[in-house]
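> A structural model of the following input is requested.
(chains A and B)
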Amino acid sequence: MPPSTCLRSFAQLSLDASAHHGIAPRLLRHPTACFSTSAVRYAAVVKKKGLKAAPKKGEKSLNTKKGRKAPGGGDMGKRPAQGERKAQRKRIVLSNDNALNVSSLQDLDSDNVLRQANEGKVMGLPQANPVDPLKPSTVDALRAVEAFKTSQGWSLFRRPAVLMMKEAVQLAGLFSEVEASAAGAPKKTIRRILCGERMSGKSTLLLQGLAMGFLRDWFVINLPEAQDMVNAHTDYAPLPNSQPMQYTQDTYTANLLQQMLKSNGAFLGSTRLSTTPNPPLALSANATLKELAALGMANPELSWPVFVALWKELSLPGRPPVLLAVDGLSHIMRHSEYMSAEVKPIHAHDLTLVRHFVDHLSGQKKLPNGGIVLGATSQSNAPTSSALDFCIQVAEARQKTPDNVPQWNPYKKVDVRVMEALKDLNSDSSDFDIIKVGGLSKEEARSIMEYYAESGMLRHQVNEGFVAEKWSLAGMGNIGELEKASVRWRL
Amino acid sequence: MPPRLNITTLTRSIAFRPKPQLPSPARPWLRPAPSQCRLNSDSAKTAAADRSKREDAKPIEHVSEEAASMAQTMGEQGPDLSQGTPIEDVVKGDKSAQENLPKVMQDKLNSQAPKTTPNMAPKGSRSYSTTTTTPADGNGGPDMGIVDMRPLPEVPATPGLKFEMPSLPLPRDGHIKHRYDPVVEQVTNLLMRHGKKSVAERQMALILQHLRTSPIPKINPARPLLPGAPPPSHLPLNPIVYLTLAIDSVAPLMRIRSQRGAAGGGVALQIPVPLGQRQRRRAAIQWILGAAAKRVNMGSGKGSFAQRIAQELVNVVQGTSGIWDRRNAMHKLGVAARANIVLPRKR
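Residues are numbered from 1 along each chain as shown, chains lettered A, B, ... in the order given. Down below sits the predicted model:
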């Protein structure tokens, strides 16, 4: 080995002396323990600080600290607390004090909500409970189940009101049909998928359905945003003894129980437990359903057994009809973002809550006391689900041109479970169908525009020419575009 | 062979048209509208409006007439009605009645009183005007933004036309390129970055929606808005008027041009230059946008800048914005430097 390497290795030894505790004291006695003194000799003289010559005139120096603000000065106000910004973004405002009160506005109530004569009228959602003013009203219940969305224009008007379009009246007819069958032995379960163009009022129609359910004292379960169930933002756990493996979402289910408790509190509080939950829960023998739901709410690990027990209670004879609703259907018609233990994506239909909904939507299970299952699609926030799209196309074609039904493109990947769940759309049964939303008539457009004008949001005379102009600008009566064209963009 | 130069075509191709020196178009809330009620016209009065026959509407009798009727009742000789009774005679010696006389007559009575200082400006008025819009006609009220509320005038049918004649005047938003209010258009264009007009238009819509839903502003009397502005309760329902009022109220009247080398001694001479209406608005909008950009962003998401602009506009109307000080400082500087204005010499 050449000597230089040897010297270098010694020098190296002193440099990482901290790694070798045994030799460190000997070698570090002098700071120049390396066999060379040149480093010390040639070391640059340390200049004193502050003696730097002033920059020459006209010479520019790079000052990286220039942009920074002095501490405590300028834009250093108090920042909003954690979660405040998001809360502000997601805030639902349902009234505008500046808007004028529409005196002719009639409220929906349990008598007139299913009336066919409402077609084309703008009706207010009741803000006070007619029986007991202290009890939650329909608007409170709708708010509790998160039926109002930030993208809708509730914040412009004095109080929430909806236009009863022809699709809403059609939906009201379904409610009457189910209620009429309540006396007979075979109770009806009607399933509908709401589809249509972007901003055509699908979510608002779903809200109208929920309002009908609340006003007619149905038991309403709403899954406000299907995306929240599958985007892996909440915890999940395998359901024991399930084959094939299913997964519960405890926090989400507990939150859902809380929403049900807030919105259907009157029924839950007045009904007593008449079955024994399995597995047994820590409840007294004659506890109310409210205590049952509160138990699941407080203990998320119990939330799924509580939900099952609650559903068993609702299935007993004599209980009210049930309205099951979900918004953003295409999110639950594909693989979810959750992963199984084998690091395979979990299909959305393997999540217990989603499966519960899909079983009732596909008709595999019936609602024992009758009811309606509603699923609304979305056009602005929808992942691709070709099976769902195809089934909707087929159902549409069956309604319009029954002799020209599209065929499945064999080169497309098919999601067999979704196709299986929605195969009833391609059959003659009237229980499962779609409701194509969109395209107001000119009378309906005129009705809603008169409401805008009476609220003071539209400062124009509502005459035939104006209505026709805005109706055609709004893509032949797309209600969202109509609102934009007549209220928001009339600058 | 060079082509011959045709002098007549050359002169024809030069399009020299002197720019017409028209005043800038009359703006928002002073639109010429035909007045419905003409106060000085005698024929327009309806029967219900005429109250001259009613007893309580009749004027009080003159002192001499009252004295004459009183004397007639009492059976005495009253004053002669054929001659006028001077007021000075009536109130002569009556101190309490003299105090109630009009000021002119009081001054005439004690004519030995010293004259007050002549040409004194009334107290509490500014030395310069802050009005942005001069009323073109006396009866133009603020434009409430209501479009086409009046029925369009009927146009007589002309034979031989395929479509009927348009009724004039054309609606304000009839042209697709000028369908928005000029102020809204100007703010939108100044909001635009990188040529993205649709983004700017969305922000503009958010600003107007925020103004719509904000509570009624409280007007600070120390910061008076434009004269003739609608009451504050009308503003939120009419966001364009709200926006226009905020911008026009703080719009500066002039800018200060610094002329180098004119003052001597290396000091720039500051010359106030008057601004046109669009320029004034532009200055005000730039101030507002700058102040909004400096505000702390308390929200998240897309619409936060629009929200800050809307808050700044509300602050301007309420008089709490710093832009008012800026405008006043500029006006003060303009007044101080008014001697530097060199007007063209008159012949």
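> show me what secondary structure element comes after the worst-scoring helix or strand of chain B on mean pLDDT.
Least confident helix or strand, chain B: helix B:7-13 with a mean of 46, by mean pLDDT, DSSP states H and E. Scanning forward in sequence from helix B:7-13 by DSSP states H and E, the next helix or strand is helix B:63-74.
> need the next SSE after that next one, C-terminal direction.
helix B:87-90.
> who's in contact with the strand ranked longest in chain A?
Across chain A, the longest stretch assigned as strand under DSSP state E is strand A:189-196. Contact with strand A:189-196 is made by A:167, A:171, A:174, A:177-178, A:202, A:205-206, A:329, A:360-361, A:363, A:366-367, A:370-377, A:379, A:392, A:395-396, A:424-425, A:431-438, as judged by C-beta atoms under 8 Å, 6 or more residues apart in numbering or on different chains. In short, each C-beta sits where N, CA and C put it, glycine included.
> wait, isn't residue A:404 in contact with residue A:397?
Yes: Residue A:404 is within contact range of residue A:397, at 6.3 Å (criterion: C-beta atoms under 8 Å).
> the two: which is more packed in?
The neighbour comparison of residue A:404 against residue A:397 (other C-beta atoms under 10 Å in any protein chain shown) goes to residue A:397, with 15 against 8.
> spit out the contact partners of the more buried one.
Per C-beta under 8 Å, 6+ apart, neighbours of residue A:397: A:404-406.
> element containing residue A:359, please.
Element membership for residue A:359, per DSSP H and E: helix A:352-362.
> only the buried residues of that helix, if you could.
Going by neighbour count (16 or more other C-beta atoms under 10 Å in any protein chain shown), the buried part of helix A:352-362 is A:352-358, A:360-362.
> need those in JSON lines (columns: distance to residue B:162 and pLDDT).
Shown next, in JSON lines, are the buried residues of helix A:352-362 (distance: C-beta to C-beta, whole Å; pLDDT from 0 to 100):
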{"residue": "A:352", "distance to residue B:162": "69", "pLDDT": "96"}
{"residue": "A:353", "distance to residue B:162": "64", "pLDDT": "96"}
{"residue": "A:354", "distance to residue B:162": "62", "pLDDT": "97"}
{"residue": "A:355", "distance to residue B:162": "65", "pLDDT": "97"}
{"residue": "A:356", "distance to residue B:162": "65", "pLDDT": "97"}
{"residue": "A:357", "distance to residue B:162": "60", "pLDDT": "97"}
{"residue": "A:358", "distance to residue B:162": "60", "pLDDT": "97"}
{"residue": "A:360", "distance to residue B:162": "61", "pLDDT": "96"}
{"residue": "A:361", "distance to residue B:162": "56", "pLDDT": "96"}
{"residue": "A:362", "distance to residue B:162": "59", "pLDDT": "94"}
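> ok, and which of the residues you listed reach chain B?
Filtering the buried residues of helix A:352-362 for proximity to chain B by C-beta under 8 Å from any C-beta of the partner chain leaves nothing.
> want to throw the residues you listed into a markdown table with distance to residue A:95?
Output for these, formatted as a markdown table (distance: C-beta to C-beta, whole Å):
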| residue | distance to residue A:95 |
| --- | --- |
| A:352 | 38 |
| A:353 | 33 |
| A:354 | 35 |
| A:355 | 39 |
| A:356 | 35 |
| A:357 | 32 |
| A:358 | 37 |
| A:360 | 35 |
| A:361 | 35 |
| A:362 | 40 |
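> and the contacts of strand A:189-196, which of them are buried?
Using 16+ other C-beta under 10 Å, the buried members of the contacts of strand A:189-196 are A:167, A:171, A:174, A:178, A:202, A:205-206, A:329, A:360-361, A:363, A:366-367, A:370-377, A:392, A:395-396, A:424-425, A:432-438.
> what about residue 190, how many residues close to it?
Here I'm looking at chain A. There are 20 residues near residue A:190, going by other C-beta under 10 Å.
> actually chain B
15.
> returning to what we had before: filter the contacts of strand A:189-196 down to just the ones in helices.
Per DSSP state H, helices hold the following members of the contacts of strand A:189-196: A:167, A:171, A:174, A:177-178, A:202, A:205-206, A:360-361, A:392, A:395-396.
> thanks again, I'm all set now.
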